[in-house]
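J.: have a look at this prediction, sequence included:
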Amino acid sequence: MANAQLFASLRGALMPNATATNEAGGLAYARSPEAALALYAATGCLNGTYYASAGEQLDQALALAAQCDAAFVARTAVYARKVAHMKDMPALLLATLSTRDGDLLTKAFPHVVDNGRMLRNFVQI
């Protein structure tokens with residue numbers, strides 16, 4: 001075990017500086033658009049929360065999807081549906097993909113839209 005007295009000063013020096021501010025005004029680490037979109041997709045953030053309304057989260061998700069590569073958006077939609085078991089966010093990502101890359105849409109569609117409810121969500125979005 002490392003001597004805590006010798007290496008205590010290194011712990012803070014090796015940590016990267018927080019360069020962003022979170023919703024509460026505290027210091028935070030900035031995420032890449034891909035990491036932020038993956039986080040939104042896996043947590044299903046399309047409802048009102050303490051810090052952001054549903055509309056603000058929708059705008060943020062759309063902005064992040066626009067910043068990411070279409071192939072990443074397709075993979076994220078499939079992951080959000082198959083692994084994270086989300087409903088609205090994968091349908092939203094698929095809808096954004098429909099305006100960007102039709103070939104990727106046809107590949108991702110059967111993996112995301114796997115029942116009638118998902119088809120209804122996709123059409124409504």
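T.: Now that the structure is in, tell me what you want to look at. Numbers count the residues shown, from 1 in each chain.

J.: and the next helix or strand past the lowest-mean-pLDDT helix or strand in the chain?
T.: Least confident element among the helices and strands of the chain, by mean pLDDT, DSSP states H and E: helix 4-14 (a mean of 64). Per DSSP states H and E, the first helix or strand lying C-terminal to helix 4-14 is strand 20-21.

J.: list the contacts of that following strand.
T.: With contacts defined as Cβ atoms under 8 Å, 6 or more residues apart in numbering, strand 20-21 is touched by Leu27, Ala28, Tyr29, Ala30. All C-beta atoms are positioned from the backbone trio N, CA, C, and that covers glycine.

J.: one more time with 6 Å
T.: Contacts to strand 20-21, defined as Cβ atoms under 6 Å, 6 or more residues apart in numbering, come from residues Ala28, Ala30.

J.: what lines up beside that strand in the sheet?
T.: strand 27-28 (antiparallel) (DSSP bridges).
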